[in-house]
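>>> return atomic coordinates for the entry below.
(chains A and B)
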Amino acid sequence: MTEDKEDKNKFVEKLAKTEEAEEIVEMVNRGIEFTKELLQENERLRFKIFQTQQENQELLRESKRGGLSDKLREELRRLEDEKNKLLAEYAKVEQQNQEYAMRYVEVESENNNLANLYVCSYQLHSTLDFHEVLQIIMEIIINLIGAEEFGVFLLDEKSRLLRPVAMEGRELESMPNIPIGEGAVGKSAETGANYYAADIENTQRNREPNEPLVCIPLKIKEQVIGIIVLYKLLPQKTQFANVDYELFTLLAGHAATAIFSSRLYTEAQRKLSTIQGFMELLTH
Amino acid sequence: MKILVVEDSPTMRQLISFALKRLRDTEIMEAADGVEGLKKLNSDTFQLIITDINMPVMDGLKLISLIRRDVKYRSIPIMVITTEGGAEDRERALALGANAYITKPIQAGNVLEVVKSLLGIP
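Below is the predicted model of the structure:
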C-alpha cells in the first residue's frame, strides 16, 4: 500500500515536471519570437540610419558644392526680376495716370473754350435786331476777350469807307471813317486777313485809330462787310490766349452773318411797312 | 441748391449758367440788375449770389451792401464777377461783404472752382 502511494506521488511529481517543462519551452519559444522581432526592428532601424546618413552626406556634398546658394541666388534673381517688372509696370501706370490727368485738364480747358464759343454763337444768332446784334458783339468782346477800348466799323460799299457804328472806351463821334486799303485797319479790311500789331504783347499802350492792336475783318465767305478793331485790353488781361484767337475766327464769320441778316431784316421790315402804308393809302 | 446770377449782359448770364450747370442738383435764377436781383431774393431761398458790379438801375456794390444789411441774407455767400480789376475795387467789394472777387474775362473752370469753394463742395 505504501509502495503504491509512493509510485503515485512520483507519477504526479513527474507529471508536474512535464507541465513545468512545457511552460518553460513555451516561454523560451516566446523569447525566441521576441528576439527575432527585435532583430528585425534592429535591422529596419539600421537601414533607416543608413538612409539618413546617405541623405546627410548628399546634402553635405551639395552644400560644399554651393548648390543651395545657387538655388537661393536663382530664386532671388527671379524675385528681383519680378520686382523690376512690377516696378516697370507701376511706372508705366503712373505715367499713364499723369497723361490722363494732363489730358483731363486739356479736355476741361477745351470744354470751357467750346462753352464760350457756343454761348457767343448762340447769342449772336438770338436776334434779328441790328442794334441788339451790335450790343452782343460788344458784350462778347468785353466779357470774353477782355478788351477795354475797341470798335466795330462797317463798310460803306459806295464810298469804300469803314464807318464806326459802335465804340467802347472811346467816343464814337471822335472816330474817323477809314478808307479801305489805308493803314493797318484799311489794309486788313481790304485783304480780309486778321491783323496783329507787332507789339501785340503791349496790350495797354494808347493807340491811334488806324494803329490798332488787333483787327478782325467781318466776312461772309470772302466778302468783307466790316471790321472789329481792338485798341486796348483790360489791365488784368495781359496777353491773348488760344481761345481768343478762336473767338476772333468765330466773330469774323458769325458776327458778320448776324449783322448782315439783321440789316437785311431791318431793311425788309422798313420796305414792308412802306408797302403796307402805300396799300392803306390805295384802299382808303 | 439755388444760385442767383445778377448780371446785365445776357451773354455773361448764359456763360455763367452754362458753367454752373455742371454742379449737380443746382437751379440757376437770373436777374439783369440789382433791383431785379433783390426781388428774386425776396421770393426765393438762395445758397449763393453771383453779381456783376457795373449794372444799370442798381449796381453790384449797392446790391451787396443791401444784402449784408438784411439779417435774412447775411449768411449767403456773394461772389463778384466784374471787369473792374483794380485793387481798390476789389477791396471795396470785399469790405462791403463780398466773399469772392474774380475779374473778366472769365474761364468757366475758374468760376466753378470758386463757387465750389464758397459752397464747400469738394
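>>> can you show me the strands along chain B?
Remark: strands assigned in chain B by DSSP state E are B:2-6, B:27-31, B:48-51, B:78-82, B:100-103.
>>> would a markdown table of those strands with distance to chain A be doable?
(Glycine included, C-beta is placed from N, CA and C.) Shown next, in a markdown table, are the strands of chain B (distance: least, Cβ to the nearest Cβ, whole Å):
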| stretch | distance to chain A |
| --- | --- |
| strand B:2-6 | 13 |
| strand B:27-31 | 14 |
| strand B:48-51 | 14 |
| strand B:78-82 | 9 |
| strand B:100-103 | 5 |
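>>> pick the most buried one from the ones you listed.
strand B:48-51 (a mean of 27; mean count of other Cβ atoms under 10 Å in any protein chain shown).
>>> residues touching it, excluding its own?
B:1, B:3-7, B:16, B:34, B:37, B:41, B:60, B:63-64, B:67, B:76-81, B:115, B:118-119 (Cβ atoms under 8 Å, 6 or more residues apart in numbering or on different chains).
>>> give me the mean pLDDT for that strand.
For strand B:48-51, mean pLDDT is 96.
>>> same deal with stretch B:63-70?
94.
>>> re the thing from before, just put the strands of chain B in TSV and tack on distance to A:D156.
Below are the strands of chain B laid out as TSV (distance: least, Cβ to Cβ, whole Å):
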stretch	distance to A:D156
strand B:2-6	40
strand B:27-31	38
strand B:48-51	41
strand B:78-82	36
strand B:100-103	37
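>>> go ahead and confirm A:L234 touches B:T82.
No: between A:L234 and B:T82 there is no contact, the gap being 10.2 Å when judged by Cβ atoms under 8 Å.
>>> any common contacting residues for these two?
Taking Cβ under 8 Å, 6+ apart as the contact definition, A:L234 and B:T82 share the neighbouring residues B:T103, B:K104.
>>> which element is the residue lying closest to B:L15 once chain neighbours are set aside on?
Among residues not flanking B:L15 along the chain, A:V119 sits closest, at 4.7 Å (Cβ to Cβ, 6 or more residues apart in numbering or on different chains). For A:V119, the enclosing helix or strand under DSSP states H and E is helix A:67-124.
>>> which other helices and strands does that helix contact?
Here helix A:67-124 touches helix A:130-140, helix A:242-250, helix B:10-20, helix B:108-119, going by 3 or more Cβ pairs under 8 Å, 6 or more residues apart in numbering or on different chains; DSSP states H and E.
>>> next one: it to chain centre, how far?
The chain centroid and the centroid of helix A:67-124 are separated by 9 Å, computed with Cα atoms, centre = their mean, to the nearest Å.
>>> cool, stretch B:12-28 as well?
12 Å.
>>> how long is that stretch from one end to the other?
13 Å (Cα to Cα, to the nearest Å).
>>> give me the contact list for it.
Counting by Cβ under 8 Å, 6+ apart, A:112, A:115-116, A:118-119, A:122-123, A:139, A:143-144, B:1-5, B:7, B:30, B:32, B:50, B:52, B:81, B:104, B:106, B:108-109, B:111-112, B:115-116, B:121 sit against stretch B:12-28.
>>> and the helices in chain A, which stretches?
A:2-65, A:67-124, A:130-140, A:183-191, A:242-250, A:256-283 (DSSP state H).
>>> can you spell out which helices and strands pack onto the fourth one?
In this case it means helix A:183-191. strand A:147-156, strand A:161-168, strand A:178-179, strand A:195-196, strand A:214-220, strand A:223-233.
>>> let's see it at 7 Å
strand A:161-168, strand A:178-179, strand A:214-220, strand A:223-233 (3 or more Cβ pairs under 7 Å, 6 or more residues apart in numbering or on different chains; DSSP states H and E).
>>> ok, the last one next?
Using 3+ Cβ pairs under 7 Å, 6+ apart as the contact criterion, the elements in contact with helix A:256-283 are helix A:130-140, strand A:214-220, strand A:223-233.
>>> give me that answer again for 6 Å
helix A:130-140, strand A:214-220 (3 or more Cβ pairs under 6 Å, 6 or more residues apart in numbering or on different chains; DSSP states H and E).
>>> one step back: ok, which of the helices and strands packed on helix A:183-191 comes nearest chain B?
strand A:223-233 (9.4 Å; Cβ to the nearest Cβ).
>>> contacts for the closest one?
The contact list for strand A:223-233 (Cβ atoms under 6 Å, 6 or more residues apart in numbering or on different chains) reads A:146-155, A:162, A:185, A:189, A:192, A:203, A:207, A:212-218, A:256, A:260.
>>> and the angle from it to helix A:256-283?
Orientation check (axes from the mean of the first three to the mean of the last three Cα atoms, to 10 degrees): strand A:223-233 against helix A:256-283 gives 120 degrees.
>>> name the residues of strand A:223-233 that are buried.
Residues A:V224, A:I225, A:G226, A:I227, A:I228, A:V229, A:L230, A:Y231, A:K232, A:L233 are the ones in strand A:223-233 that count as buried (16 or more other Cβ atoms under 10 Å in any protein chain shown).
>>> which sections of the stretch 1-150 of chain A are below the confidence cut-off?
Across the stretch 1-150 of chain A, residues meeting the criterion (pLDDT under 70) sit at A:1-3, A:15, A:63, A:66-68.
>>> who touches A:L161 in this structure?
Contacts of A:L161 by Cβ under 6 Å, 6+ apart are A:N177, A:P179.
>>> A:N210 reaches A:V185, doesn't it?
Yes: contact status for A:N210 versus A:V185: in contact at 5.2 Å, counting by Cβ atoms under 6 Å.
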